[in-house]
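# Compute the structure for the input listed below.
(one chain, ligands or ions: 2)
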Amino acid sequence: MKEALPFRRFVTSFHSLQLPHRFTDCLVIGSGAAGLRAALEAARSCRVTLLAKGTLEKSNTALAQGGIAASLSSSDSLEKHLEDTLQAGAGLAEEEVGRFIIEMGPGAIHDLEEMGASFDRHGEEIALTREGGHTEARVVHAHGDSTGRELSSVLGRAVKRCDGIRILEETFVVDLIDSQGRCSGAIVLSGRTGQLEIIWSKVTVLATGGAGRIWRETTNPAVATGDGLAIAFRAGAVLRDLEFVQFHPTTLYLAGAARALISEAVRGEGAYLRDKSGDRFMTAVHPDAELAPRDVVSRTIVERMLDTGDTRVFLDLSHLDPDRVRRRFPGITAHLAAFDIDITSDPIPVRPSAHYMVGGVSVDLDGRTSIPGLFACGEVASAGFHGANRLGSNSLLEALVLGRRAGVAAALEAKGQADDFRVREIESKVENDREVSIDLEDVENSLRSLMWMSAGVRRDGKGLEAARESLALWTPYVMGSDLRSRRGFELQNRLTAALLITEMALRRDESRGVHYRTDYPARDDARWARHQLVHRTPDGAPSFA
Ligand code: FAD
Ligand code: SIN
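Ligands and ions are numbered 1, 2, ... in the order given. The predicted structure follows:
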């Protein structure tokens, strides 16, 4: 990557005394499962401020359908869950991390029930379903296909009830504050006042979720613009494995319908995938057919679309008991009905789309990043649980377990920090020197199309190089402009994250897990059985290892 790429802070020069400010012990950025869990835990022993850039409920978490993986049935075991997780991770998932998280799974479900979560049951027992790559039924779900909504509302209610947590919605984090090598809070753009403000904190927990909105096709909501990756990178944190982006095989593909997810649990309950001629093509590809690991299913669908010249394939549930289907998937049934599709009898047009950022800010099991005072958890973090691929429903599990851990560790660290609440001067190295009128929507659309075409399900060196070139062309004027709006900041973050993802995807000249290179289709353990790391050097350029 060219050294000249301006990865610099983009906030216009300011003096901290001139900005409104507040103080908190622990600043938690993000109101998904990870942030809510961290905030609740930290609030047991310190004052917490919880931020969300939208409302509390706007998150990937709230949209989760399939459920939470936990080994609960008598035929299952922690060892089996671990084995499946390591198998999916394609040599990069860390056994010790997996064992820790998986062992905490049943307890995490129990905690949620204690808080009032209501999971679906068969009689007395929690009902479990299967998803791709799981050799056992171990996915706990709520209201059929609305696990995320249940999670988000139970945890959301708990934080609202908690006196020690101050909630600031519509508050966008622009950058972290570095005070003598320690993270000391964040600069935020308040949706209420439209002004920049400072929140000083003893410790900060980054839980900003995913980055799906960097791609044209995605299951992710509008808030998932990869801010946390870019913010952490600018702050100098070590990030890793950003080339590993999971593409979900089955997103509804209908003009005018948002790319709504059609849960893998639909295939877990027996749905078939067919092409337009009716061929059930997965049976010839993998012994688990439709329940092969996600990366295999997504790639096969894309190849089938290329072969047939069609833009989609179809989910077929017509052989399943219609009453059971409607009961099991009430949300998806209703969504499809709005587009005149009967889930029980009509073919459902689907195709893959960007779903989950496997890589992220490098953390240990306590969520500690490489920057003192900064913790990270949930989708924005990479603790080593997923390796090069993620098993369905393992991410909510991770967000709950490691979110809690990060909250405990952050609060403990906050306790050890002096009550040194004073306004400090902030040095801001900013060179917003351009007066360019930028059509943000046009750059957003161009970026998302570029990433979809070049850094999507199938990648190759040529495409990635071309993407890098375009990004290098757009980046200087977008980064160098004062785009002082949430949308402008988000665009700058998307570009930064896209550059890092593209560069890492280009460097990894092999195929592994979700990263598939048509020019290097084989896994190359001799060279690549390792993580890739990146951090920002003081001169602003990324340094890859
Ligand atoms: P999120 O839930 O995405 O929350 C991110 C938070 O960060 C939001 O509150 C947002 O406002 C805030 N934020 C972001 N940037 C900023 C900023 N600059 N300033 C302030 N706040 C910011 N996983 C499973 O395990 N099981 C499933 O069934 C499942 N289904 C899914 C279905 C869909 C449609 C999607 C999109 C994902 C699904 N996943 C599922 C993945 C899973 O939902 C996510 O990985 C997980 O919810 C991430 O949680 P999180 O707390 O890390 O982030
Ligand atoms: C799904 O319901 O298919 C999504 C599950 C996940 O991403 O873990």
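
# do stretch 192-209 and ligand 1 meet?
Yes. Using Cβ under 6 Å from any ligand atom, stretch 192-209 comes into contact with ligand 1 via Ala207, Thr208, Gly209. The way it works is simple: take the backbone N, C-alpha and C, and place the C-beta from them, glycine included.

# what about the residue of the stretch 401-545 of the chain found nearest ligand 2, neighbour count?
Nearest residue of the stretch 401-545 of the chain to ligand 2: Val514, at 12.2 Å (Cβ to the nearest ligand atom). Neighbourhood size, Val514 [other Cβ atoms under 10 Å]: 27.

# Report the contact partners of it.
Neighbouring residues of Val514 by Cβ atoms under 8 Å, 6 or more residues apart in numbering: Phe244, Val245, Gln246, Phe247, Arg294, Asp295, Val358, Ala388, Asn389, Arg390.

# Quick check: beta-bridge partners of Arg368?
Beta-bridge partners recorded for Arg368 (DSSP bridges): Phe375.

# wait, doesn't it sit right on Ala381?
No. The pair Arg368 / Ala381 is not scored as a contact, 10.2 Å apart, by Cβ atoms under 8 Å.

# Give me the distance between Val457 and ligand 1.
Using Cβ to the nearest ligand atom, to the nearest Å, one gets 17 Å for the distance from Val457 to ligand 1.

# for Leu176, same thing?
With distances taken as Cβ to the nearest ligand atom, Leu176 is found 11 Å from ligand 1.

# Now do the same contact list for whichever residue of the stretch 101-250 of the chain sits closest to ligand 1.
Of all residues in the stretch 101-250 of the chain, Gly209 sits closest to ligand 1, at 2.4 Å by Cβ to the nearest ligand atom. Listed by Cβ under 8 Å, 6+ apart, the contact partners of Gly209 are Gly30, Gly32, Ala34, Ser59, Asn60, Thr61, Val223, Ala224, Gly228, Gly378, Glu379, Val380.

# tell me which element it falls in.
Secondary structure from DSSP states H and E places Gly209 outside every helix and strand.

# State the pLDDT value of it.
Note for Gly209: predicted pLDDT of 98.

# what are the ranges of the strands in the stretch 351-500 of the chain?
With strands called from DSSP state E, counting those that start in this stretch, the stretch 351-500 of the chain shows them at 360-362, 374-376, 381-382.

# out of these, nearest to ligand 1?
strand 381-382 (7.7 Å).

# roughly how far is the closest one from the heart of the chain?
Relative to its parent chain, strand 381-382 has a centroid offset of 9 Å by Cα atoms, centre = their mean, to the nearest Å.

# Same question for stretch 302-319.
26 Å.

# coming back round to it: looking at Arg368 and Ala381, which is more packed in?
More neighbours surround Ala381 than the other of Arg368 and Ala381, with 33 against 19 (other Cβ under 10 Å).

# Relative to ligand 2, how far out is the more buried one?
Here Ala381 is placed at a distance of 16 Å from ligand 2 (Cβ to the nearest ligand atom).

# How about the contacts made by that residue?
Shown in contact with Ala381 (Cβ under 8 Å, 6+ apart): Ala34, Leu206, Gly360, Val361, Ser362, Val363, Gly367, Thr369, Leu402.

# That's all I had, so thanks and see you.
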